[in-house]
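Q: Kindly generate the corresponding structure for this input.
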Amino acid sequence: MQALFLNQKGIQANLDKRQQLIFEKRSVMVLPRLLPVVAAVLLSACSLQPVYKVPAMDVPVQFKEATPQAAAFGVWQPAQNGAGSRVVTVPEQWWTVYGDTTLNQLQDEAAAGNPGVAQAVARLRSAQAAVASSRAAQLPTLGTTGSGSRALTGGGTYSNTNGDNVARSGSINNNFSLGLNASWELDLWGKLSGAVDANQAAAQASSDDLAAARLSTQASVAQTYFSLRAAEAQMQFLQETLNNYEQSLKLTQNRYGAGVASSADVAQALSQYKSTQASLIEAQTTRAQLEHALAALLGKAPAAFSLPVTGLLPEPPVVPEMLASTLLEQRPDIAAAERRVYAANAQIGVARAAYFPSLTLSAGAGYRNSVLSDLLSAPNLFWSLGPALAMTLFDGGARSAAVESARASLDLAGATYKQTVITALQEVEDNLVAASNLTQEQQVQTEALAAAQKSLTVANNQYKAGIVAYLNVLSAQTTVLSAQNSLISVQSRRLTAVNTLLKNVAGRWQTEVKVAAGAKPVVVQD
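A: Numbering: from 1, shown residues only. Got it, this is the predicted structure:
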């Protein structure tokens, strides 16, 4: 009996060895035959993307409102990053040109807590994940499966010749399996690589969006801070004016009590005092609201933020005479718009690839048996290997509609890019002329305020001497108040223009011209 068992065991071992040899032989015969096929398929893979071209733009050499010397800086050059090699950066701490330590501190707080920047960071992470996902689609996938089941078959009842129901015993079967499977979709027509290109461009656009969000936040913090300081300056002036009006009111009341002034003079002085008091309350409200807005930009609740009142407006930096249009190439929003054009162009190739068949290589191997202890043995081995070709023959025009939609998206992205560039040019031109003219206007308004204050001093002296009526003093006071408010407004608008101009040229305008003998001017950015 023991000899019979040993004999059966030897037969089983020989059978397992023969099965393993057969499997290895077949694998050796099949795989070399598939390798030339796979190589030929990979070599025949092609891309259906249209040749990418940046939308043509007729951009002038220099800004209209710049000086003629700006022509030495060269002409507009569209983004030369068809493969995404160009990196657009915004200079760090560009706002230090204002020389305001409080503004520097606010910018640091905004960089750490602004919710808009955090949203842009999250969108960038999502775009980068999409790139990783599209790249993963180009690689083979490998998986494993395992199952076990126990089932009853053949059981139930049947009727005999006497019409009696008789139970019929069935058989209980076990089934266990363990397998490994792999698949790989070959990128024959550039569908997968096109998706990678599109997602990479979208991720680059998201990166530029992040830079634009940071730049916009920095500019908004600076602008809100300047407006707040302007409101404080107005508050301080109105408070000083209110104190002077209070003295004028008392003087007029005393003169009225002495029978020198009329009741109309007292009423006019009181009206002037109350009107100025109302203006002060309005300025205080504006200052409080701007402080709340500044807190929101820093990512804080208004109740958790306060800023000491100084009323000091920083002096804006001088705008250079030579400011070339090439500076707009560094704007992150323009770079983002250009990258979206590239992404839309890549999507056309992806849509076109749907017209052609897809080829997937699949392979699987494993073990299957009814006895779990004997599962991992050669007789229970199974495997499969082969390609699968799939192609849509009729879809009712869905693929052509997808291609047309991709083309429309490309046209939309191109038009958006052009609009972004044109808007950027307009913004720079607007603020160039504003910064230049407001500098002159501030000087003129300063002289006007000095003349108004001198006229008020003369009117006060004449009124005290009884030479003129109080209406002359009232008129002079109104002129001074209007001139001072106008001066503060001009200072604030000038800061706004310069700050917006810095934002529009991505926080930079210092340039260096390097021209070789016989060569065209080249712009070197800081």
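Q: all strands of the stretch 301-450 of the chain, in order?
A: Ranges of strands in the stretch 301-450 of the chain, per DSSP state E, counting those that start in this stretch, are 358-369, 381-390.
Q: So for the longest one, what gets flagged as buried?
A: By that I understand strand 358-369. 358, 359, 361, 362, 363, 364, 365, 366, 367, 369 (16 or more other Cβ atoms under 10 Å). (Glycine included, C-beta is placed from N, CA and C.)
Q: related to what we said a few turns ago, okay, the strands of the stretch 301-450 of the chain in JSON lines with distance to residue 243 and mean pLDDT next?
A: JSON lines is the format used below for these (distance: least, Cβ to Cβ, whole Å; pLDDT from 0 to 100):
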{"stretch": "strand 358-369", "distance to residue 243": "83", "mean pLDDT": "88"}
{"stretch": "strand 381-390", "distance to residue 243": "87", "mean pLDDT": "87"}
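Q: closest to residue 439 out of the ones you listed?
A: strand 358-369 (65.0 Å; Cβ to Cβ).
Q: tilt between that closest one and strand 381-390?
A: On the basis of axes from the mean of the first three to the mean of the last three Cα atoms, to 10 degrees, strand 358-369 is oriented at 160 degrees to strand 381-390.
Q: Direction included, what does strand 358-369 pair up with?
A: strand 171-186 (antiparallel), strand 381-390 (antiparallel) (DSSP bridges).
Q: Nearest to residue 421, out of those?
A: Across those, closest to residue 421 is strand 171-186 (Cβ to Cβ), at 39.3 Å.
Q: List the buried residues in that closest one.
A: Across strand 171-186, burial judged by 16+ other Cβ under 10 Å covers 176, 177, 178, 179, 184, 185, 186.
Q: any idea which of the residues you listed is closest to residue 462?
A: Looking across those and measuring by Cβ to Cβ, the closest to residue 462 is residue 185, at 95.0 Å.
Q: That closest one contacts residue 137, correct?
A: Yes. Under the criterion of Cβ atoms under 8 Å, residue 185 makes contact with residue 137 at 7.3 Å.
Q: Now list whatever residues contact both of these two.
A: Counting by Cβ atoms under 8 Å, 6 or more residues apart in numbering, the residues touching both residue 185 and residue 137 are residue 192.
Q: so what does the strand or helix carrying residue 121 touch, helix or strand wise?
A: Using DSSP states H and E, residue 121 falls within helix 115-136. For helix 115-136, the elements it packs on are helix 191-257, judged by 3 or more Cβ pairs under 8 Å, 6 or more residues apart in numbering; DSSP states H and E.
Q: For residue 93, see how far away the most centrally placed residue in the chain is.
A: With distances taken as Cα atoms, centre = their mean, the residue of the chain nearest its centroid is residue 209 (2.3 Å). Distance of residue 209 to residue 93, computed by Cβ to Cβ, to the nearest Å: 21 Å.
Q: what do you get for residue 114?
A: Counting by Cβ to Cβ, the gap from residue 114 to residue 93 is 16 Å.
Q: of these two, who's got more company?
A: Taking other Cβ atoms under 10 Å, residue 114 and residue 93 do not tie; residue 114 has more neighbours (23 against 12).
Q: Tell me who's in contact with that one.
A: With Cβ under 8 Å, 6+ apart, residue 114 has these contacts: 217, 297, 298, 299.
Q: What about the residues you listed, which are in helices?
A: Per DSSP state H, helices hold the following members of those: 217, 297.
Q: Let me know the closest of the contacts of residue 114 to residue 153.
A: Using Cβ to Cβ, the contacts of residue 114 come closest to residue 153 at residue 299, 67.4 Å.
Q: ok, how many other residues are close to the closest one?
A: For residue 299, the neighbour count with other Cβ under 10 Å is 18.
Q: Now it: phi and psi?
A: phi 80, psi 30 (degrees, to the nearest 10).
Q: leaving aside the residues next to it on the chain, what's closest to it?
A: residue 113 (2.9 Å; Cβ to Cβ, 6 or more residues apart in numbering).
Q: can you tell me which residues contact that neighbour?
A: By Cβ under 8 Å, 6+ apart, the contact set of residue 113 is 298, 299, 300.
Q: Rebuild those residues as a markdown table, extending it with distance to residue 408 and pLDDT.
A: Listed next are the contacts of residue 113 as a markdown table, based on distance: Cβ to Cβ, whole Å; pLDDT from 0 to 100:
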| residue | distance to residue 408 | pLDDT |
| --- | --- | --- |
| 298 | 41 | 94 |
| 299 | 39 | 94 |
| 300 | 43 | 93 |
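Q: still on that earlier bit, and the residue nearest to residue 299, how far is that from residue 107?
A: Applying Cβ to Cβ, the value for residue 113 to residue 107 is 11 Å.
Q: just residue 364 next, same as before
A: Distance from residue 364 to residue 107, by Cβ to Cβ: 59 Å.
Q: ditto for residue 176
A: According to Cβ to Cβ, residue 176 and residue 107 sit 66 Å apart.
Q: got it, and residue 473?
A: Residue 473 is 46 Å from residue 107, by Cβ to Cβ.
Q: ditto for residue 339
A: Distance from residue 339 to residue 107, by Cβ to Cβ: 27 Å.
Q: my guess is residue 153 meets residue 175, correct?
A: No. Residue 153 lies out of contact with residue 175 (Cβ under 8 Å); the separation is 11.1 Å.
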